[in-house]
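In: here is my input, please return the structure:
(one chain, ligands or ions: 2)
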Amino acid sequence: MDRYVYDFHQGGRDMADLLGGKGANLAEMTRLGLPVPPGFIITTEACRAFLATGAEPEGLFREVSRHLAALEESAGRRVGQPDDPLLLSVRSGARFSMPGMMETVLDIGLNDDSVLGLAKVSGNERFAWDSYRRLVQMFGSTVMGVDSALFEQAITLLKDFRGVLDDVHLDAGDLAQLVETYKNLIHDETGEDFPQSPAEQLRRAILAVFQSWNGDRARLYRRREHIPDDLGTAVTVQRMVYGNLGPDSGSGVAFTRDPASGRPGLYGDYLPNAQGEDVVAGIRSTVPLAELERLDTRSYRQLLTHMRSLENHYRDLCDIEFTIERGTLWMLQTRVGKRTAEAAFTIAAELVDEQLITPDEGLARVSGEGLARLMFPRFDASATGEALAHGLPASPGAAVGSAVFDSATAVRRAAAGEKVILVRQETTPDDLPGMVAAQAVLTSRGGKTSHAAVVARGMGKVCVCGAEELTVDLERRRFTTRDGTVVEERTVISVDGSAGAVYPGAAPLVDSEVMRYLETGERSEGVVTAVARALEQADGARRLEVRANADTPEDAARARRFGAQGIGLCRTEHMFLGERRKLVEEMILARDDFMRERALAALLPLQRQDFIGILEAMDGLPVTIRLLDPPLHEFLPDRTELAVRIATAEARGDLPDPHDAELLDAVSHMHEENPMLGLRGVRLGLVVPGLVAMQVRAIAEAVVERTRVGGSPKAEIMVPLVGAVEELRIERDEVRRVLAEVSAETGIPVTCPVGTMIELPRAALTAARIAEQAEFFSFGTNDLTQTTWGFSRDDVEAEFFSAYLDKGIFSTSPFETLDREGVGRLVQIAVAEGRATRPDLKIGVCGEHGGDPDSVHFFHGEGLDYVSCSPFRVPVARLEAGRAAL
Ligand code: PEP
Ligand code: MG
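Out: Numbering: from 1, shown residues only. Ligands and ions are numbered 1, 2, ... in the order given. All right, here's what the predicted structure looks like:
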């Protein structure tokens with residue numbers, strides 16, 4: 001067994017880490033006895049070794065030569081053999097599919113001599129020269145670094161000169177001439193000749209594929225898809241088969257089910273007399289796969305049989321690339337296919353019904369991210385008006401934005417805050433930045449398997465492709481519809497990726513069916529039922545409870561409908577906004593106890609009323625109420641504004657408003673350079689007399705009120721930003737004092753557990769002590785992230801996170817997905833130490849991470865009792881908590 005190179009028959013699908021997804025699946029198909037052109041795979045390990053040192057891994061090309069010799073032996077032909085050359089494809093293939101993001105070189109092995117041999121054995125001179133010019137072009141741009149636009153210019157010039165529109169109308173002589181032009185171009189640009197030695201072609205192509213792992217496109221894609229940067233790509237070297245040998249040949253792409261809706265059936269595109277790349281590039285328009293039955297019945301039937309066996313074998317939707325070479329079907333690729341969120345849920349439910357997978361496996365196949373996508377609104381079909389054009393519904397959803405015609409403009413405008421729709425004839429991997437920036441992608445050419453469609457689906461981006469009624473004029477930055485309507489750049493349009501339609505202006509939106517189901521419990525057929533089943537399965541499997549962060553009775557009620565099992569965080573500062581701000585201002589500015597108490601007394605009934613509403617909405621379920629957290633000056637007017645007001649009055653010769661002067665004095669006095677780390681959280685409660693007592697009294701009286709009317713209120717009191725056990729002890733004593741007071745006054749015992757947030761490294765590191773005073777912990781991972789990293793949560797994301805993402809310091813913002821290594825370590829310490837002191841300590845999390853899929857898995861693993869997140873994330877968290885428990 002070699003170290004770096006595996007023959008197809010030596011691998012299998014479970015070796016994707018080493019052989020890449022493509023290589024592993026080719027090996028698997030070979031093992032299944034499907035017709036796969038023979039070949040071998042160079043491992044990701046070889047790529048990693050190459051990227052680490054910049055040098056060819058020791059012995060790699062000796063191994064390649066040995067495998068190549070075996071391949072030649074089985075084919076009965078040699079690479080470079082002048083009379084009948086064996087030709088090779090060299091393709092990238094990483095662990096995770098990165099469609100079109102890395103390099104491929106086809107037709108390796110052709111040179112000035114063997115092109116003549118190929119022409120002879122194939123009996124098709126045009127084909128041989130076309131293959132050669134493709135090799136020179138691909139090799140020139142990919143391996144030798146010549147700008148691909150120069151090749152495009154040369155072929156366009158030749159077509160203009162010959163007066164033809166399409167490449168297929170260039171004859172063998174034209175193409176031979178083009179090869180010469182290309183070779184000269186390469187020489188002029190690089191000072192080097194196009195290599196005639198097939199061994200050198202192969203060697204350099206392999207290294208170029210390795211190198212393309214670190215190309216800009218690939219890096220951007222990985223960042224977007226959260227694929228680690230250190231995996232490397234495998235390289236598949238395979239005997240070429242040809243779909244462009246005439247009308248009895250062709251290439252196609254097929255899905256075993258509809259990747260957009262998930263419905264069963266045969267989906268795909270076929271392009272007669274073409275190479276696979278032409279299908280995916282969307283350069284020529286394809287025919288539906290069903291047409292193949294008429295064109296080549298035998299191959300069609302074989303393909304169906306193979307597709308069925310692949311789906312049964314992989315027990316999932318497979319996508320397949322195939323080529324028919326003069327009536328012989330070859331399978332060139334398969335993988336478990338990318339799909340929309342809707343398709344993921346629908347297919348999972350159907351495969352469970354077909355007993356191909358278990359319900360738990362069905363749950364593993366769907367994701368919280370997909371569910372979140374299905375909760376978005378779509379267009380109201382009754383109000384969209386006449387469509388501008390129709391195309392293929394390639395990736396569902398509704399998007400509104402202004403039309404732009406190139407990737408750079410999309411990026412620029414989006415960065416300026418504009419919502420844009422990227423309109424292209426077809427997209428190439430170079431358009432990726434624009435696709436990421438846009439709300440939707442609209443193309444006038446290409447099928448459901450074109451680059452635009454595949455990439456958009458993978459990103460969950462709305463996409464309509466192949467809208468052939470549109471003529472896209474890139475130069476004049478506009479498109480024209482069939483009836484002559486002209487849509488200029490920056491005109492607002494609406495793209496419906498579910499129906500495959502484009503509308504003028506901003507079309508009105510309606511809620512999603514899934515959202516309606518979550519709100520009302522109303523089940524309709526199709527994806528709604530599939531979602532409901534997945535959620536039931538998750539609820540049955542999960543150990544984590546899911547609570548919501550909610551501050552109003554309405555949010556609490558919605559969260560409950562979405563399945564929340566209580567409130568994990570009620571931020572009381574949100575109750576002090578709006579008209580009540582004036583009362584808070586009075587409290588802060590109070591010159592004496594009397595004035596302060598008067599202000600607090602005015603706030604008390606308002607707070608109590610809020611708590612009654614929330615406890616009622618969550619009757620019988622725990623409601624964790626957090627005492628006031630933010631710095632007090634957040635409730636006061638802006639310092640600069642006040643200063644300007646006073647200065648303007650003085651400039652006019654007026655006396656400034658004495659209230660303004662008083663306010664400015666207070667605001668200046670309380671000003672903090674970094675209020676996030678200043679007088680907030682428990683510190684406020686300890687410093688402002690009467691504040692905690694007022695809040696606790698409001699909570700206790702609300703509990704009494706709810707108890708009196710027969711409710712079952714379960715309030716919990718939570719102290720924020722604690723760093724030392726002593727802070728908590730003092731505050732907890734005060735809480736207990738007030739609870740006892742209210743109990744005595746009302747004759748109704750009020751016993752609320754008192755716990756703390758763990759939001760500071762010191763709290764995590766002294767959790768054993770803090771647990772002496774805390775009846776529960778709730779990780780405030782927003783603050784814990786900011787204080788662990790020393791990142792200000794208000795500023796850094798806009799400031800330099802994109803540079804950090806670019807440099808691979810992290811692959812997602814640590815404010816979005818929990819940093820397991822650092823912040824997660826503190827969580828581990830606090831859980832272990834807290835429970836060592838108090839074994840029944842209830843532990844949850846209420847930072848934003850409580851609704852983030854990856855973080856939910858982490859919290860499950862660390863033995864937390866619950867996660868708490870915004871109401872809309874509750875279904876997502878339920879689903880992911882269930883998946884985490886599988
Ligand atoms: C937290 O810090 O994670 C938290 C939930 O509190 P807030 O976001 O209100 O600071
Ligand atoms: Mg906090």
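In: does ligand 1 have contacts with stretch 563-583?
Out: Yes: applying C-beta under 6 Å from any ligand atom, one finds that stretch 563-583 is in contact with ligand 1 at 569, 571. In short, each C-beta sits where N, CA and C put it, glycine included.
In: which residues of the protein lie near ligand 1?
Out: Residues of the chain lying near ligand 1 (C-beta under 6 Å from any ligand atom): 569, 571, 629, 759, 780-783, 846-847.
In: make sure residue 252 is indeed in a strand.
Out: Yes: Residue 252: assigned to a strand according to DSSP: H, G, I helix; E, B strand; the rest coil.
In: quick check: bridge partners of it?
Out: Per DSSP bridges, the residues bridged to residue 252 are residue 270, residue 322.
In: and what of residue 39?
Out: Beta-bridge partners of residue 39, as defined by DSSP bridges: residue 238.
In: so what's it up against?
Out: 7-8, 26, 71, 88, 236-239 (C-beta atoms under 8 Å, 6 or more residues apart in numbering).
In: could you look up the SS state of the residue of the stretch 51-200 of the chain found nearest ligand 2?
Out: Residue nearest to ligand 2 within the stretch 51-200 of the chain: residue 96 (34.8 Å; C-beta to the ion). Here residue 96 is coil, with the state taken from three-state DSSP.
In: thinking again about what came up before, just the contacts of residue 39 now: which is nearest residue 491?
Out: Comparing these against residue 491 with C-beta to C-beta places residue 236 closest, at 44.4 Å.
In: check which helix or strand the closest one maps to.
Out: strand 233-239 (DSSP states H and E).
In: what's that strand packed up against?
Out: helix 16-31, strand 39-42, helix 44-53, helix 60-75, strand 88-94, helix 198-212 (3 or more C-beta pairs under 8 Å, 6 or more residues apart in numbering; DSSP states H and E).
In: buried residues in the last one?
Out: The neighbour-count criterion (16 or more other C-beta atoms under 10 Å) identifies 198-199, 201-212 as the buried residues of helix 198-212.
In: hmm, back to that, can you lay out the helices and strands packed on strand 233-239 as JSON lines showing mean pLDDT and distance to residue 129?
Out: Below are those laid out as JSON lines (pLDDT from 0 to 100; distance: least, C-beta to C-beta, whole Å):
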{"stretch": "helix 16-31", "mean pLDDT": "97", "distance to residue 129": "29"}
{"stretch": "strand 39-42", "mean pLDDT": "98", "distance to residue 129": "25"}
{"stretch": "helix 44-53", "mean pLDDT": "96", "distance to residue 129": "33"}
{"stretch": "helix 60-75", "mean pLDDT": "95", "distance to residue 129": "22"}
{"stretch": "strand 88-94", "mean pLDDT": "95", "distance to residue 129": "18"}
{"stretch": "helix 198-212", "mean pLDDT": "96", "distance to residue 129": "17"}
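In: quickly compare the ones you listed and say which is most buried.
Out: strand 39-42 (a mean of 28; mean count of other C-beta atoms under 10 Å).
In: got the CA positions of it in PDB?
Out: The C-alpha trace of strand 39-42 is given here as PDB (Å, rounded to 0.1, in the frame of the first residue of the first chain):
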ATOM      1  CA  GLY A  39      -8.300   6.100 -11.800                       C
ATOM      2  CA  PHE A  40      -6.500   6.800  -8.600                       C
ATOM      3  CA  ILE A  41      -6.600   9.400  -5.800                       C
ATOM      4  CA  ILE A  42      -3.800  11.500  -4.300                       C
END
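In: surely the residue of the stretch 51-200 of the chain closest to ligand 2 and residue 227 touch.
Out: Yes: using C-beta atoms under 8 Å, residue 96 is in contact with residue 227, at 5.0 Å.
In: tell me which of the two has more neighbours.
Out: residue 227 (18 against 15; other C-beta atoms under 10 Å).
In: and the strand holding residue 236, average pLDDT?
Out: Averaging pLDDT along strand 233-239 gives 97.
In: do the same with stretch 387-406
Out: 90.
In: how about the strands in the stretch 351-500 of the chain?
Out: Shown for the stretch 351-500 of the chain, the strands assigned by DSSP state E, counting those that start in this stretch span residues 378-379, 389-390, 392-395, 398-404, 420-424, 440-443, 462-465, 471-473, 478-480, 486-488, 492-496.
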